[in-house]
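Participant: structure, please.
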Amino acid sequence: MFARRSTRDIAPNALTRALEAAAREGRAVLDLTSSNPTRLGLSPDRAALAAAYAEGPLERYEPESFGPARAREAVAAFVRRPVERVCLLASTSEAYVLLFGLFADPGERVLVPRPSYPLFEDLARIAGVTLVPYPLRYDGEFFVDREALARAAEGCRAICAISPNNPTGHHLSEDDHRFLLSLGLPVILDQVFEPFALERPAPDLVAGSGLQVVLGGFSKALALPQVKLGWAIFEGEDALVREALARFEHIADAMLSLSTPTAIAAPRLLREAPAIQARIRARCLEDLGLLDAARAPDAAWDRLEVGGGFTVLLRLPAVLSDEAWALRFLDAGVLVQPGYFFDLDEGCFVALSLITDPRVFREGVARIARVIEEVCAG
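Facilitator: Numbers count the residues shown, from 1 in each chain. Here you go, the predicted structure:
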């Protein structure tokens with residue numbers, strides 16, 4: 001009765017089972033994994049949302065394939081791109097599924113970075129495409145393994161890239177970006193975390209050749225995951241961009257997923273962006289400072305640099321697996337994400353959310369540091 005693409009392995013892993021047990025037993029847990037800004041005091045307040053949604057008439061519906069003109073113009077000004085190349089959608093997740101449909105037929109292959117966020121697997125299954133990972137290597141900073149990518153690209157239809165990457169926090173370098181474009185495949189460049197450069201500036205990754213589609217949205221840029229608005233911006237060689245837009249217009253017109261109230265609210269909401277983004281960056285930098293303060297000079301653990309985004313990776317001694325470390329931390333009342341969630345298979349890592357309330361974060365990392373010291377002391 002059901003399609004194979006609708007199935008997935010939903011068996012709980014060891015960490016989920018342990019977290020459920022803690023809840024049953026009434027044990028308090030400090031959550032250092034949450035990336036939901038609406039629960040962490042970082043989103044626009046109710047008054048700002050109400051004012052934005054009162055901006056215009058909600059009783060009329062005027063469908064536009066790429067979104068209403070006023071909303072497109074506001075987003076185009078925000079991202080500093082030509083309005084005619086901006087397409088508005090409900091989310092970047094939707095954009096991935098539709099772009100997979102633009103570039104690949106069912107069963108064809110799309111390249112994705114490894115490590116990266118695991119949502120790709122679900123989106124590819126829905127779209128009916130096959131994912132082919134290409135490795136990101138680390139030698140003090142992350143970089144694309146170009147030889148491995150060139151081999152993997154044979155027969156593929158598109159390349160996905162994320163900058164800053166989640167969870168590594170590194171920016172795609174300009175040299176690696178040019179290499180991706182040189183392979184002759186369309187590049188889907190996810191820049192949802194681009195406004196949140198932390199320890200390195202974000203490079204300008206505008207495509208000059210080939211075809212590139214840049215993704216962003218309100219979920220991160222405005223800390224509004226509940227206000228469903230994302231965008232896809234088509235860049236590169238004029239002839240390729242024109243054809244891509246013509247084909248994508250047909251797909252977008254079949255969906256018409258952006259709601260009229262959200263489109264009406266968009267221009268006013270975007271005026272909130274500078275203050276929201278400054279608040280989020282300040283939160284991330286404060287938590288990074290707390291993490292650094294918790295680390296003794298001779299500690300057996302350290303952290304990776306965070307070019308941008310909401311996540312920091314802790315590098316731990318390999319005396320335990322990353323899952324075993326996460327379970328030890330949960331025993332101490334702290335929830336983290338083990339590195340294997342993100343296909344981090346070179347080294348032993350756990351991931352922490354940098355938008356965690358600083359009071360929670362301070363206590364959580366203090367407990368983590370104590371657990372590591374106790375385990376390493378034997």
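Participant: what ranges do the strands span in the protein?
Facilitator: Assigned by DSSP state E, the strands in the chain fall at 30-31, 86-89, 109-114, 130-138, 142-144, 156-162, 187-190, 211-217, 230-236, 302-303, 311-315, 334-335, 337-338, 349-353.
Participant: my guess is Phe78 contacts Arg271, does it?
Facilitator: No. Contact criterion Cβ atoms under 8 Å: Phe78 and Arg271 do not qualify, at 9.5 Å. In this view, the C-beta of every residue, glycine as well, is placed from N, C-alpha and C.
Participant: who has more neighbours, those two?
Facilitator: Phe78 (19 against 12; other Cβ atoms under 10 Å).
Participant: leaving out chain neighbours, which residue sits closest to Phe100?
Facilitator: Ala127 (3.8 Å; Cβ to Cβ, 6 or more residues apart in numbering).
Participant: tell me the contacts of that neighbour?
Facilitator: Residues near Ala127 by Cβ atoms under 8 Å, 6 or more residues apart in numbering: Tyr96, Val97, Phe100, Gly101, Ala104.
Participant: roughly how far does the third one sit from Asp253?
Facilitator: With distances taken as Cβ to Cβ, to the nearest Å, Phe100 is found 18 Å from Asp253.
Participant: got it, and the fourth one?
Facilitator: Distance of Gly101 to Asp253, computed by Cβ to Cβ: 13 Å.
Participant: do the first one as well
Facilitator: Distance check for Tyr96 against Asp253: by Cβ to Cβ, it reads 18 Å.
Participant: Gly101 and Asp253: which has the busier surroundings?
Facilitator: Gly101 (17 against 12).
Participant: correct me, but the more buried one touches His250?
Facilitator: No. The pair Gly101 and His250 does not pass the contact test of Cβ under 8 Å, sitting 10.5 Å apart.
Participant: nearest residue to the middle of this protein?
Facilitator: With distances taken as Cα atoms, centre = their mean, Asn166 lies nearest the centre of the chain, 5.3 Å away.
Participant: using CSV, list the CA coordinates for stretch 198-213.
Facilitator: Output of stretch 198-213 as CSV, limited to C-alpha atoms (Å, rounded to 0.1, in the frame of the first residue of the first chain):
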residue,chain,number,x,y,z
LEU,A,198,31.7,33.9,14.6
GLU,A,199,35.5,33.2,14.6
ARG,A,200,36.1,33.7,10.9
PRO,A,201,34.5,36.0,8.4
ALA,A,202,32.3,34.5,5.7
PRO,A,203,33.8,34.5,2.2
ASP,A,204,31.7,35.9,-0.7
LEU,A,205,30.7,32.8,-2.7
VAL,A,206,28.8,34.3,-5.6
ALA,A,207,28.9,32.1,-8.7
GLY,A,208,30.6,33.6,-11.7
SER,A,209,30.4,30.5,-13.9
GLY,A,210,28.2,27.4,-14.1
LEU,A,211,25.0,27.3,-12.1
GLN,A,212,24.4,27.8,-8.4
VAL,A,213,21.3,28.0,-6.3
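Participant: pLDDT averaged over it, what's the number?
Facilitator: Mean pLDDT, stretch 198-213: 94.
Participant: can you give me the buried ones in that stretch?
Facilitator: Leu198, Ala202, Pro203, Leu205, Ala207, Gly210, Leu211, Gln212, Val213 (16 or more other Cβ atoms under 10 Å).
Participant: possible to save the residues you listed as JSON lines with distance to Asp331?
Facilitator: Listed next are these as JSON lines, based on distance: Cβ to Cβ, whole Å:
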{"residue": "Leu198", "distance to Asp331": "30"}
{"residue": "Ala202", "distance to Asp331": "38"}
{"residue": "Pro203", "distance to Asp331": "41"}
{"residue": "Leu205", "distance to Asp331": "42"}
{"residue": "Ala207", "distance to Asp331": "48"}
{"residue": "Gly210", "distance to Asp331": "50"}
{"residue": "Leu211", "distance to Asp331": "50"}
{"residue": "Gln212", "distance to Asp331": "46"}
{"residue": "Val213", "distance to Asp331": "44"}
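Participant: which of those sits closest to Glu174?
Facilitator: The closest of the buried residues of stretch 198-213 to Glu174 turns out to be Pro203 (Cβ to Cβ; 5.0 Å).
Participant: mind checking how far the closest residue to that closest one other than its chain neighbours is from Ile233?
Facilitator: Spatially, and ignoring its direct neighbours in sequence, Pro203 is nearest to Glu174 (5.0 Å; Cβ to Cβ, 6+ apart). For Glu174, the distance to Ile233 equals 18 Å [Cβ to Cβ].
Participant: looking at the two, which has the bigger crowd around it?
Facilitator: With neighbours defined as other Cβ under 10 Å, Glu174 and Ile233 compare such that Ile233 has more, 22 against 11.
Participant: check what pLDDT that one gets.
Facilitator: According to the prediction, Ile233 has pLDDT 98.
Participant: give the contact list for it.
Facilitator: Neighbouring residues of Ile233 by Cβ under 8 Å, 6+ apart: Val79, Arg81, Arg85, Val86, Cys87, Val213, Val214, Leu215, Gly216.
Participant: tell me the one of these nearest Ile10?
Facilitator: Leu215 (27.1 Å).
Participant: quick check: buried residues in stretch 58-69?
Facilitator: Buried residues in stretch 58-69 (16+ other Cβ under 10 Å): Glu64, Ser65, Phe66, Gly67, Pro68.
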